[in-house]
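A.B. asks: Got a predicted model here, sequence first, then my questions.
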Amino acid sequence: MTEHAHSHGHSHSHAHGVSPDADRRWLRAALILLTSYMAVEVVIGVVAQSLALISDAAHMLTDAVSIVLALIAMRLAARPARGGFTYGLKRAEILSAQANGITLLLLSVWLAYESVERLISPPKVTGGLVLVTALAGIVVNLICTWLLSKANRSSLNVEGAYQHILTDLFGFVATAVAGLVVLTTGFERADAIASLVVVALMLRAGTGLVRESGRIFMEAAPAGIDPDALGDHLVAADEVVEVHDLHIWQITSGQPALSAHILVEPGGDCHKVRRSLQELLSGEYGITHATLQVDHVGEQGAPDELLTLSPRPGPGPERQSGHCADAHGPVHRQGPHRH
């Protein structure tokens, strides 16, 4: 009988993205400050006829929404796994991050359109009022940025809210410059130009959030981990002959997971191999949630036949092992091989 060693690596010493109590406190404080100032800024933006101020206020609204989404996602992610949700609702955080990114992209399109219109036909802008309001906004956003920097930004969810507020901070700086230019030179198109600067910042932050959340939803390997290099590292371990069905993904931000089928030499200690490979994955790659199926070579076929998903290497007719009909990804063996 083929010996199987199944290990799920359920070590809970690794971080699970957020520390709910502390992070919620920081996010709530930022939310209260943002919504209070946003109401004031909308009124002043209308009075001053400043698109830059109104766009900043609109962005602050998305900041507030992003924090609300982050708080809801934290609460959902903290629920234990049950029923059909075997990972729980941890990816609610990634949904929140993706929503934040999409919101930034949609808002940037609207602001770009309005900014171009104001470049063509600029309205009268009250530069002094814009400057004072933007300077106050810089102070508010600096405080909010500091509050969110205290939260755990290894969570893509928290990072999404942080990017919203950081972009807003840069936008207020651009608006303050525009207000100063209008006040000192009368060049009213500076207000629309400042809005375009905010648009560029929104596009950059939104694209990054959508790209990173999309990678997690598409089960891509975590950034910074090369699956081919990792597979070669595993197969170079003592007594390991082949590694296949290697999959690396993220359950949610900060929680990488791995599964693989490992073939060891006939007579090798498959339990020892499994333990050493899990130590390697944890120590060098930070992967503590690993499922490794370990089998001995040749126990289900002829003594010289590899138990493998791929066609038998070398000359002669191609043969497949019976345990799986299709290979999922490259097969890693010692020595030169195709990836």
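C.D. replies: Done, it's in. None of these values were measured; they are calculated from a predicted model. Residues are numbered from 1 along each chain as shown.
A.B. asks: so for the helix or strand hosting residue 33, what's the average pLDDT?
C.D. replies: Using DSSP states H and E, residue 33 sits within helix 20-48. In this model, helix 20-48 carries a mean pLDDT of 81.
A.B. asks: Is residue 77 in contact with residue 89, as I believe?
C.D. replies: Yes: assessed by Cβ atoms under 8 Å, residue 77 is found in contact with residue 89 at 5.7 Å. C-beta here means a position set from N, CA and C on the backbone, and glycine is covered the same way.
A.B. asks: So for the two, which residue has more residues nearby?
C.D. replies: Between residue 77 and residue 89, residue 77 has the larger neighbour count (other Cβ atoms under 10 Å), namely 23 against 18.
A.B. asks: helix or strand for the closest residue to residue 217 other than its chain neighbours, which one?
C.D. replies: In space, and not counting its chain neighbours, residue 217 is closest to residue 94: 6.6 Å by Cβ to Cβ, 6 or more residues apart in numbering. Taking DSSP H and E as the definition, residue 94 sits inside helix 92-120.
A.B. asks: One more: residue 294?
C.D. replies: Using DSSP H and E, the element containing residue 294 is strand 289-296.
A.B. asks: And residue 184, by the same measure?
C.D. replies: helix 156-185.
A.B. asks: so what does the following helix or strand past that helix touch, helix or strand wise?
C.D. replies: Where DSSP H and E defines the elements, the next helix or strand beyond helix 156-185 is helix 189-217. Contact analysis of helix 189-217 by 3 or more Cβ pairs under 8 Å, 6 or more residues apart in numbering; DSSP states H and E lists helix 51-77, helix 92-120, helix 156-185, strand 240-250 as its packing neighbours.
A.B. asks: What helices and strands are in contact with the following helix or strand past helix 189-217?
C.D. replies: Going down the chain from helix 189-217, the next helix or strand is helix 227-235, by DSSP H and E. The helices and strands touching helix 227-235, judged by 3+ Cβ pairs under 8 Å, 6+ apart, are strand 240-250, strand 256-264, helix 270-285, strand 332-333.
A.B. asks: how about the nearest residue to residue 265, chain neighbours excluded?
C.D. replies: Using Cβ to Cβ, 6+ apart, the nearest residue to residue 265 is residue 239, at 4.9 Å.
A.B. asks: Residue 268 is in contact with that neighbour, correct?
C.D. replies: Yes: using Cβ under 8 Å, residue 239 is in contact with residue 268, at 3.8 Å.
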